[in-house]
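Asks: Mind looking at a prediction? Sequence and model below.
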Amino acid sequence: KKRKMLHSGLDKKRLVFVVLVLQVSLVILGYSIRVLDVEEDRLDTIYYVSAHKGNDLWSGSKPNPALNSNEGPFKTIHHLLSHLQTYHSHPHSTIYIYLDSDSSHFISKPLILSSTPHSNLVWSSYSSSSPSIPSASVATVTAGWQIRTPWTKSHSSLNIWTTKIDPVPGRHYFKSLWINSTRATRARTPMLRWAKPLTPLSQYGFVYNPLNFPSPPKDHLERMNALVYASWTASRNYVKNFNTANSTLMFTNPAQWRIGTWEGIDSASGNRYYLENHPSFLDAPGEWFYDETTSLLHLIPFSAADDPNKDVISVAVNEQILVLSGVENVHFAFIQYMFSDFGCNSNTEVCDGQSASWEQTAAIHVLSSSFITFMNITLRGTGGYGIWLDTDTNNTAIINSLLTDLGSGGVRVGNGGANPRNFGHIIANNHITHGTQITNSGCGILVQKSSQCTISNNLISHFNYTGISIGWTWNYTPTSVSGATDNIISDNLISHIGNYDLSDMGCIYTLGNSTGTTITHNFCHDVYTYNYGAWCLYADQATSHIVWSKNICARTKSAGLHQHFGMNNLFENNVLYDGGSGGHQPDGGVRTDPDTGMENEFRFERNIVVWSNGSLFYGNWQEEGGKVPRRYELNHNVYYTPISTNPYVFGNGKTWGEWQKMGKDVNSVIKTDPEFENPQNFDFRLKSGSVALKLGFQPISMKCG
């Protein structure tokens with residue numbers, strides 16, 4: 001009863017939040033000038049900022065300069081923020097800020113909104129050429145610095161161009177560069193393989209193959225990085241030295257795992273690494289190197305016909321573009337934010353960890369704030385995560401937005417701390433794509449210790465690690481510790497995950513106690529890892545109390561479903577199609593392999609499993625005789641393979657008859673095509689005579705994205 005009352009109160013708060021979002025959207029589109037309840041003594045204020053028409057000595061109250069007066073828009077956003085520090089607003093008033101979409105707004109340092117002066121704000125765009133006409137024009141805020149010094153060709157055969165740049169405001173050194181808004185690559189080696197680990201295993205280096213470096217670099221080592229692959233991560237390490245006597249490459253900062261740890265597990269990393277950021281590595285189109293000692297920037301254009309003097313070349317100035325700290329009721333719409341750098345600035349920092357959780361900030365970083373909305377924004381060219389809803393943040397909405405060209409992940413919610421106090425977020429109808437450009441362990445959406453979040457109707461694609469990750473505890477801890485409860489993950493389209501780069505991942509990945517969480521109506525396809533672990537629905541360690549229903553998985557290199565170990569999970573009415581499609585994997589249908597001493601149970605009912613390669617059932621399915629409770633309830637499922645040579649083998653090698661005598665799948669069907677309409681083209685409607693319908697399978701209506 002108490003639980004029901006609590007949710008009733010939270011639902012009311014969230015209803016107010018949703019109404020606020022809708023009202024703000026009307027304001028932004030020009031239908032209203034007020035939000036929420038209007039009081040007689042309320043006084044709303046409007047400011048305009050125009051980079052090419054404005055003046056910071058003006059009032060900021062007019063969209064265009066007025067003749068013979070000091071009335072007109074501000075020139076810079078930073079001046080506006082300073083002005084707001086001295087502006088004492090009415091406690092119930094809202095300040096509307098319009099950025100001119102006819103000019104780009106360059107910033108040399110992050111925009112920081114903090115405390116009362118920067119609360120109750122609505123940020124949007126206007127066109128100074130037609131300010132009286134409401135429009136959805138997009139204003140651009142660029143945190144990158146444009147290189148304007150002249151370029152000359154310094155190496156004809158490699159097509160290397162060089163310029164001596166002016167000092168970059170606010171930052172002498174930069175690690176990210178774009179040519180006409182397309183990300184270029186810091187000079188790097190091809191993918192290499194280390195020869196063997198150190199003895200004993202070490203986090204600080206390995207033995208390299210001397211054939212790769214007969215004459216190793218001796219200069220510029222202080223900025224050189226080694227990207228060393230583990231299984232589901234790759235560490236960024238600063239190079240200390242090459243020792244040619246014993247062919248060792250040593251680092252100044254450690255990897256998270258001792259290098260070589262994962263080679264005993266299906267060669268999960270493949271001994272892979274590459275080196276980055278040295279002038280001798282500059283040899284491929286789209287690569288660049290900056291020598292801070294001489295201020296010389298070297299670049300190979302994407303095409304031999306390109307002349308960088310005719311291109312717009314930008315470098316990142318800061319790791320942050322926008323920071324919100326201790327504010328409430330702030331709303332952004334129709335604004336594009338561009339270019340931030342990545343972290344790992346210290347040569348002693350651990351720059352390695354699951355889901356890129358080691359990162360300390362994001363392009364847009366929100367802390368201790370509430371009732372924030374990002375609607376119809378674009379975020380392009382980040383060094384790390386795009387948006388991070390960090391500690392003590394609640395009731396934030398990210399809606400109808402595009403996040404692309406992301407250094408690691410898209411959206412991060414919460415953190416791994418003891419009590420991040422995050423809840424009530426809405427992440428819906430966004431396109432989050434082409435991430436992991438710098439740090440390959442980022443997620444499309446990462447929700448750590450956060451509750452009552454709704455993640456729905458997002459298009460998430462092209463990440464080298466997981467699509468959506470929920471939870472951040474690896475053992476059976478109570479919800480007071482896990483913090484990830486009552487979340488809704490629904491109607492998301494997730495595709496092209498893994499991309500043969502890392503191992504051990506899922507379209508949707510969960511950890512820990514997640515009481516009240518539902519994962520439903522999601523469509524995932526094309527999960528391909530470097531080696532093992534390309535799953536669709538991945539209930540990893542201690543995942544508990546989640547309902548997974550009406551999801552469709554297609555074309556996964558490994559099994560469609562893997563529960564490592566967990567309790568009281570329900571998998572019902574899902575489609576797992578073409579599991580094991582990558583071949584050479586042991587699991588193709590359903591997998592569970594609990595750690596020694598860990599409880600494990602789930603129910604698997606009214607699902608359709610169609611697998612291509614590997615075992616239908618894989619892992620440890622033993623129930624009796626163990627020291628901890630393990631129970632698996634399966635019924636009313638359809639199991640089918642179009643490959644006639646694939647055997648129907650069930651848990652722990654049981655035949656179909658033996659399996660049913662154990663009370664498993666007594667009403668299920670094998671060797672019968674479920675009769676999808678056109679599964680190769682992702683049409684998973686069932687024909688009217690399908691055996692799955694007779695077993696109670698409910699047709700799945702998809703509205704993804």
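Replies: Structure received. Note that the structure is a prediction, hence the values are computed from the model and not measured.

Asks: secondary structure element for D673?
Replies: D673 is part of no helix or strand when elements are defined by DSSP states H and E.

Asks: can you tell me which residues contact it?
Replies: Y640, P642 (CB atoms under 8 Å, 6 or more residues apart in numbering). To be clear about C-beta, it is placed using only N, CA and C from the backbone, and glycine gets the same treatment.

Asks: do you know how far it is from G582?
Replies: Distance, D673 to G582, using CB to CB, to the nearest Å: 22 Å.

Asks: can you check T348 too?
Replies: The gap separating T348 from G582 is 39 Å, by CB to CB.

Asks: can you map out the helices along the stretch 551-700 of the chain?
Replies: For the stretch 551-700 of the chain, the helices defined by DSSP state H, counting those that start in this stretch cover 656-661, 691-694.

Asks: distance between the last one and the chain's centre?
Replies: Relative to its chain's centre, helix 691-694 lies at 38 Å (CA atoms, centre = their mean, to the nearest Å).

Asks: now do stretch 440-450
Replies: 6 Å.

Asks: Can you give me the end-to-end span of that stretch?
Replies: 23 Å (CA to CA, to the nearest Å).

Asks: for stretch 377-394, same thing?
Replies: 20 Å.

Asks: now do stretch 565-572
Replies: The straight-line separation of the ends of stretch 565-572 (CA to CA) is 18 Å.

Asks: Equivalent analysis for stretch 459-475, please.
Replies: Where stretch 459-475 starts and where it finishes are 31 Å apart, if you go by CA to CA.

Asks: same thing with stretch 576-589?
Replies: 7 Å.

Asks: Can you list the buried residues in that stretch?
Replies: L576, Y577, D578, G579, G580, S581, G582, Q585, D587, G588, G589 (16 or more other CB atoms under 10 Å).

Asks: Nearest to W161 among those?
Replies: G582 (41.1 Å; CB to CB).

Asks: Just give the nearest non-adjacent residue to that closest one, would you?
Replies: The shortest distance from G582 to any non-neighbouring residue, by CB to CB, 6 or more residues apart in numbering, is to K557 (3.1 Å).

Asks: Next: N241.
Replies: M250 (5.6 Å).

Asks: Check the offset of stretch 141-156 from the chain's centre.
Replies: 30 Å.

Asks: Could you export that stretch as PDB, CA atoms only?
Replies: The C-alpha trace of stretch 141-156 is given here as PDB (Å, rounded to 0.1, in the frame of the first residue of the first chain):
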ATOM      1  CA  VAL A 141      26.900  27.000 -30.700                       C
ATOM      2  CA  THR A 142      30.400  25.900 -31.700                       C
ATOM      3  CA  ALA A 143      33.000  25.200 -29.100                       C
ATOM      4  CA  GLY A 144      35.600  24.400 -31.700                       C
ATOM      5  CA  TRP A 145      38.200  26.900 -32.800                       C
ATOM      6  CA  GLN A 146      38.700  27.400 -36.500                       C
ATOM      7  CA  ILE A 147      42.200  27.200 -37.900                       C
ATOM      8  CA  ARG A 148      42.600  30.200 -40.200                       C
ATOM      9  CA  THR A 149      46.300  30.300 -40.800                       C
ATOM     10  CA  PRO A 150      47.500  29.500 -44.300                       C
ATOM     11  CA  TRP A 151      48.500  25.900 -45.300                       C
ATOM     12  CA  THR A 152      51.400  24.800 -47.500                       C
ATOM     13  CA  LYS A 153      52.100  21.300 -48.800                       C
ATOM     14  CA  SER A 154      55.200  20.100 -46.900                       C
ATOM     15  CA  HIS A 155      55.400  16.500 -48.200                       C
ATOM     16  CA  SER A 156      54.200  15.900 -51.700                       C
END
